[in-house]
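Q: Using only what follows, build the 3D model:
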Amino acid sequence: MMKDLIFSGIAICIALILMPGVACLQAESSDSPGSLSAVHESLDNTDSCKSCHNSDFSTSDEKCFSCHQKIKQRVESSHGIHAGISDCGSCHPEHRGKEASLRSKDIAIQSHSTRGFVLSGGHLSVPCAECHRNDVFKGTPDACEACHWMRRQDDPYETKLGIHCGECHNTISWIPANWNHQIETGFGLYGNHIALACDECHEKLKFTGKSPECISCHHSEYNGTDDPDHKRAAFPKECWICHDTSSWRVARFDHSITGFPLTGAHRFTECSACHPNGRYQGTPIECYACHKDDYENAQDPDHAGSNFPKDCSRCHSTHSWTGFDYNHAVTGFPLQGVHRTLPCQSCHKNGRFKGTPDQCNACHAIRQQ
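A: As a prediction, the model looks like this:
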């Protein structure tokens, strides 16, 4: 009996001695926050915990630097992306699984903001390797053109519009560009010109020496238009006289600049009615030139037979050909009283107007007593 008690006591003592070690191993194994990343896979075992952790399972930069000597040199020399870093784990968190990256996008954004190049807009979704070639972070240029032309060459205008991208573009979107054509060139873009691609006016990306005259771009439209035929009619090549930038086909011509303003019915007359065969140069402005048939065919009264003046405007207006207003006073015989209501033929027999006497007794014979 005594012997059994002695052995039991010894067993208990041995168990008490071994228990802390077993508990420690169990803690190291069961309390791990998760698997290590692939780059630290060789350390993902209970025997290697102390390679990265202190006795209280906290971490320290010195533990990291024992392996990452080059990073330690950069931190100590305050050089490169690691300058001023005091906690490796704040940017490179571990125990997030084998597939997890130690280069978190959120960490990259935070790190960028402290180094004078804030990531925003489209830059937020760009993989690090797009700007940091061959995994080199030190010395990466921060000028727009360094990436967008020297490296990527994605400027379709080959830097001919300048190399300071930020003056026109932002990181939200490469297009549209905030560039004022009016201020920069003196030629404002309006109407359909706003939607044109630069190379539609600047062929072969030639931006200098471009003429601002309409015809320099629209010579094919000018030469190809046949209703009316611009070229044949020797129309002026200042397109803006008739056209605007909103629509090429809608033309508005101020006829008054020709010295013959359009009024009344003339405003609604087709151009070809006065300009037959597309003839515009030298078109006469006298009424008779267009209204010859009206003059010669008029019978009530007979204009041609009565040798009426061919200046139609003396009786007619542009509002109506049939309605006329003749000032009889210009003949030296103004119409007054009842004379104003008489039809012309009462005094002008057989359509005879020229040589009509103006003495009263010529029409009103005095009865002899």
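Q: can you give me the helices in the stretch 1-150 of the chain?
A: Along the stretch 1-150 of the chain, counting by DSSP state H, counting those that start in this stretch, helices occupy 2-30, 49-52, 61-65, 69-76, 88-91, 105-113, 128-131, 144-145.
Q: Then the stretch 201-350 of the chain?
A: Per DSSP H, counting those that start in this stretch, the stretch 201-350 of the chain carries helices over the ranges 215-224, 271-274, 287-297.
Q: Can I get those helices in CSV including mean pLDDT, distance to residue 208 and mean neighbour count?
A: Heads up, the C-betas are built off the backbone N, CA and C, glycines and all. Shown next, in CSV, are the helices of the stretch 201-350 of the chain (pLDDT from 0 to 100; distance: least, C-beta to C-beta, whole Å; neighbours: other C-beta atoms under 10 Å):
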stretch, mean pLDDT, distance to residue 208, mean neighbour count
helix 215-224, 92, 14, 13
helix 271-274, 88, 40, 13
helix 287-297, 92, 50, 13
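Q: Can you lay out these as TSV showing distance to residue 198?
A: Below are the helices of the stretch 201-350 of the chain laid out as TSV (distance: least, C-beta to C-beta, whole Å):
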stretch	distance to residue 198
helix 215-224	13
helix 271-274	36
helix 287-297	48
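Q: which one of the ones you listed lies closest to residue 74?
A: Nearest to residue 74, of all the helices of the stretch 201-350 of the chain, is helix 215-224, at 56.8 Å by C-beta to C-beta.
Q: so where's the stretch 51-200 of the chain shaky on pLDDT?
A: 80-81, 83-84, 104-108, 110, 114, 135 (pLDDT under 70).
Q: swap the cut-off to 80 and go again
A: Within the stretch 51-200 of the chain, the ranges that satisfy pLDDT under 80 run 78-86, 90-91, 103-116, 134-139, 175-176.
Q: before we move on, back to that, nearest to residue 82 among the helices of the stretch 201-350 of the chain would be which one?
A: Comparing these by C-beta to C-beta, helix 215-224 comes nearest, at 55.6 Å.
Q: Chain neighbours aside, what residue packs nearest to residue 175?
A: Nearest in space to residue 175, with sequence neighbours left out and distances taken as C-beta to C-beta, 6 or more residues apart in numbering, is residue 169 at 7.9 Å.
Q: would that neighbour count as being in a helix?
A: No: according to DSSP: H, G, I helix; E, B strand; the rest coil, residue 169 belongs to no helix; its state is coil.
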